[in-house]
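Chemist: how would this look folded up:
(chains A and B)
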Amino acid sequence: MTTSPKRARPEPVQVVKQRRDATLQGLVDGVPYIRFLGIRFERHGDELTAVLPYADMLIGNPSIPALHGGVTAAFMEVAAIIELSWAMLWEDMESGAEAVPRRLPKTIDFNVDYLRSGLPRDAYARARVNRSGRRYASVHVEAWQDNRARLFAQATGHFLMPVRDED
Amino acid sequence: MTDSPQMPPDIPIDRRRQVASQFIAMIPHASALGMRMTDVGDGEAVITMPYDARLVGDPETGVIHGGAVSALMDTCCGAAVMVHPQAGLGTATIDLRIDYMRPATPGQTITARATCYHVTRSVAFVRAVALDDDTDRPVASATGAFTVERPRSQQSSERPRSRQSSERPRTAKAAS
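Modeler: Down below sits the predicted model:
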């Protein structure tokens, strides 16, 4: 961890980027299943895009071939959970406090709408937190492949937020 | 999810069972997750997924990620559609909703049981539940809608040809 930043003084851009990237990486690297699927995250400021690079083991139907629907669901759920956690950490990180990772949010329910079959190539997803309260959060996720406007799946999920250290 | 291999709807259950279990083995992602189809009936399927450290979603507790449970549920629901006597030619997920009731106990195999409880000409409705060793307390439940793809010749071959029938044939007869 870098030394605690002073609020009044603008930091060099590399320091800011390095801290943000390290925080994101810390969040993602801790989850074995994210590594198993090969998902990584691209960051622009606070905006995250989940990337699922194509791999043969992600296929559900070898004859088309198409991505497994479960992979699509899992990819979007990962995107939602990381987005929620990232949004929580962002506030701490930007306020100068040390961004201490809390427990991850827990999925209450997840509803996937399959719009077209997933092609055997990279997939992308972006999650939007529509509501994030003290206990519950509602997140919408869009997933696409070649064309941002042609979604191949969308999803809505509800999550139980980890309790903040209050005692 | 996936489309299933071609399987005429009038073949016996033993044959279905065989084809269905081969189908599971043929799905790369189902194999990657170690899934096994342990039982199958008319519109019903049971698939297991062993505990695997690579599938952990919460490193502090060792609990399997919900996404892996989703993949299990989706596979199991699709299989249930595939073995339904009125469906079975092929299927793809239209919509799937998973409710996570509790974390699966680390170290235990997760078993999904899916029932295809209603089939129309185009849509199969499926319910599923995921259990670990404590079978009284489900880990997750799922409801989904799946596509039904029937052979084009099925309706015309099932229905006896009648000259009085005023009904227009819905599909062109498939060339055979």
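Chemist: Return the residues of chain A in contact with chain B.
Modeler: Proximity of chain A to chain B (C-beta under 8 Å from any C-beta of the partner chain) is limited to residues A:30-33, A:35-37, A:56-64, A:66, A:68-71, A:73-75, A:77-78, A:81, A:103-104, A:106-114, A:117. For every residue, glycine as well, the C-beta is placed using N, CA and C.
Chemist: One more pass at 7 Å, please.
Modeler: Residues of chain A lying near chain B by C-beta under 7 Å from any C-beta of the partner chain: A:30-33, A:36, A:56-62, A:64, A:66, A:68-71, A:73-74, A:77-78, A:103-104, A:107-114, A:117.
Chemist: Which parts of the longest helix belonging to chain A count as buried, going by neighbours?
Modeler: When chain A is scanned for its longest helix (criterion: DSSP state H), the result is helix A:69-94. Residues of helix A:69-94 classed as buried under the neighbour-count rule (16 or more other C-beta atoms under 10 Å in any protein chain shown) are A:69-90, A:93.
Chemist: following it, which helix or strand comes up?
Modeler: Downstream of helix A:69-94, the next assigned helix or strand under DSSP states H and E is strand A:106-114.
Chemist: Give me the helices and strands touching the top helix by length along chain B, please.
Modeler: Across chain B, the longest stretch assigned as helix under DSSP H is helix B:66-82. Under the contact criterion of 3 or more C-beta pairs under 7 Å, 6 or more residues apart in numbering or on different chains; DSSP states H and E, helix B:66-82 touches helix A:69-94, strand A:106-114, helix B:13-26, strand B:44-49, strand B:93-100, strand B:110-119, strand B:123-131, strand B:140-147.
Chemist: That one versus strand B:110-119: what angle between them?
Modeler: Using axes from the mean of the first three to the mean of the last three C-alpha atoms, to 10 degrees, the direction of helix B:66-82 lies 40 degrees away from that of strand B:110-119.
Chemist: How far off centre is helix B:66-82?
Modeler: 6 Å (C-alpha atoms, centre = their mean, to the nearest Å).
Chemist: Stretch B:51-70 now?
Modeler: Computed by C-alpha atoms, centre = their mean, the chain-centroid distance of stretch B:51-70 equals 22 Å.
Chemist: Report the rounded mean pLDDT for it.
Modeler: Mean pLDDT, stretch B:51-70: 95.
Chemist: Same check on stretch A:70-83?
Modeler: 98.
Chemist: hmm, who's touching that stretch?
Modeler: A:27-28, A:34, A:37, A:39, A:41, A:48, A:50, A:52, A:58, A:60, A:104-105, A:107, A:110, A:112, A:114, A:118, A:123, A:125, A:127, A:129, A:139, A:141, A:143, A:153, A:155, A:157, B:1, B:29, B:66-68, B:70-72, B:74-75, B:96 (C-beta atoms under 7 Å, 6 or more residues apart in numbering or on different chains).
Chemist: Hmm, B:Ala71 is touching B:Ala32, no?
Modeler: No: in this structure, B:Ala71 is not within contact of B:Ala32 by C-beta atoms under 7 Å, at 9.2 Å.
Chemist: out of these two, which sits in the busier spot?
Modeler: Using other C-beta atoms under 10 Å in any protein chain shown, the more surrounded residue of B:Ala71 and B:Ala32 is B:Ala71, with 30 against 21.
Chemist: give the contact list for the more buried one.
Modeler: By C-beta under 7 Å, 6+ apart, the neighbours of B:Ala71 are A:68, A:70-71, A:73-74, B:29, B:33.
Chemist: rerun that using 8 Å as the cut-off
Modeler: A:68-71, A:73-74, B:29-30, B:33 (C-beta atoms under 8 Å, 6 or more residues apart in numbering or on different chains).
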